[in-house]
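K.L.:
Return atomic coordinates for the entry below.
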Amino acid sequence: MNTYKQLDGSKVPFQKSPNSSSRTKKVSTIVLHSTCSGLDPKKSFNSAVNWLSNPDAKASAHFVVSRYCQVVQLVDTDKQSWHAGNSLWNGSTGVNNFSIGIEQDHEDGEEDWPILQIQATADLCRQICEAYGLDPLDGCIVSHEDVATPRGRKNDPMGFPWVRFTQFLGG
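P.N.:
Numbering: from 1, shown residues only. Here you go, the predicted structure:
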């Protein structure tokens, strides 16, 4: 298992989710999501982590990033988490099998994207790209909206500041 660090340099804590399975393809993509889990920022991050760690959810992500740049890992990146559902990217279906899923605690359409959260997500993406030999500026990081099928089934992360995120990715 790879070790990832938060912006403050501390190790990303791990809270195991049972909602995962083995991979048969190499990681080539990172899919960004937003949780839309509620407007109370103190409760929604923990609620998202707890729900995605619950077998009843039948969904998960590899990581969850809070509005305040706290990161929790739920699934080992060498396994697939169940984050993309019905999906297609670059001609391949079953995006979970070749991607890392990152949930960001955010209420789409109701709030701005906090700069620390964008920075924490970019930093995490850089670490994942380094671990898997990917170029973070070469189109390997996409939105849930980009991969979900049928088109229009998902629209997250809505209003995500891709330009600012890309600036952070560049270091």
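
K.L.:
quick one: contacts for the residue nearest the centre of the chain?
P.N.:
The centroid of the chain falls nearest to residue 102 when counting by C-alpha atoms, centre = their mean (0.6 Å). Contact partners of residue 102, counting by C-beta atoms under 8 Å, 6 or more residues apart in numbering, are 30-33, 61-65, 121, 124-125. In this view, the C-beta of every residue, glycine as well, is placed from N, C-alpha and C.

K.L.:
Where does pLDDT dip in this protein?
P.N.:
Counting by pLDDT under 70, the chain has low-confidence residues at 1, 37-43, 171.

K.L.:
what about the helices in it?
P.N.:
Here the chain has its helices, by DSSP state H, at 41-52, 115-132, 144-147, 162-169.

K.L.:
Next, format those as a markdown table and append distance to residue 83 and mean neighbour count.
P.N.:
Below are the helices of the chain laid out as a markdown table (distance: least, C-beta to C-beta, whole Å; neighbours: other C-beta atoms under 10 Å):
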| stretch | distance to residue 83 | mean neighbour count |
| --- | --- | --- |
| helix 41-52 | 9 | 18 |
| helix 115-132 | 14 | 19 |
| helix 144-147 | 8 | 21 |
| helix 162-169 | 18 | 15 |
